[in-house]
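1. Quick check, what structure comes out for this input:
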Amino acid sequence: MKKIESFQVNHLKLKRGIYVSRKDVVGNHTLTTFDIRMKEPNNEPVINTAELHTIEHLGATFLRNHNEYDSLTVYFGPMGCRTGLYVIFKGDLSSSDVIDIIKEMFEFIINYEGEVPGADAISCGNYQDMNLDMAKYEAAKFYNEVLCNLKEENLNYPE
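-> Model (predicted):
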């Protein structure tokens, strides 16, 4: 059976941060998948589904409306383990290349006011499972504690 790359990362040593999870070539394009790790695996409580779902809606809205990243964003969504999110961008990119856009996205989430985009029965299969206040709290915690203090250990997977 083929080994899955992300299962080879030592999650006992993994810190919160932004990591290149994988790179895939599709046609003439390289797609880079980033692991936006908001919680330290197996060491912190995971993000509740309501706030993670809200972060997903807000992050996707931000990226799909960004003047540069709208055409570079392939996917944005939560990890099944609820310790963070994945984003896939077109391009052969490094973690350092996306720091500014990730920070900008989290600032958008932290400062968001109003109805969560797509949080209605027509647009979402589980629209009632949203928590804007806690999403903003989790986003601010990650932004202030990690994104504003990034080190190499937050940008490169542990050996």
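2. Give me the buried stretch members for stretch 56-69, please.
-> Neighbour counts over stretch 56-69 (16 or more other C-beta atoms under 10 Å) mark 56-63, 66, 69 as buried. Yep, even glycine has a C-beta here, placed from its N, CA and C like the rest.
3. Can you add pLDDT and give those back as JSON lines?
-> Output for the buried residues of stretch 56-69, formatted as JSON lines (pLDDT from 0 to 100):
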{"residue": "56", "pLDDT": "98"}
{"residue": "57", "pLDDT": "98"}
{"residue": "58", "pLDDT": "98"}
{"residue": "59", "pLDDT": "98"}
{"residue": "60", "pLDDT": "98"}
{"residue": "61", "pLDDT": "98"}
{"residue": "62", "pLDDT": "98"}
{"residue": "63", "pLDDT": "98"}
{"residue": "66", "pLDDT": "98"}
{"residue": "69", "pLDDT": "98"}
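4. Tell me which of those residues fall in helices.
-> 56-63 (DSSP state H).
5. where do the helices sit along this protein?
-> Using DSSP H, helices in the chain cover 49-64, 99-111, 132-145.
6. average pLDDT across stretch 24-32?
-> Stretch 24-32 comes out with an average pLDDT of 96.
7. Quick one: end-to-end length of it, please.
-> Stretch 24-32 has its terminal residues 7 Å apart, counting by C-alpha to C-alpha, to the nearest Å.
8. and what of stretch 151-159?
-> Terminal-residue distance, stretch 151-159 (C-alpha to C-alpha): 15 Å.
9. ditto for stretch 143-152
-> With C-alpha to C-alpha as the measure, stretch 143-152 spans 16 Å from end to end.
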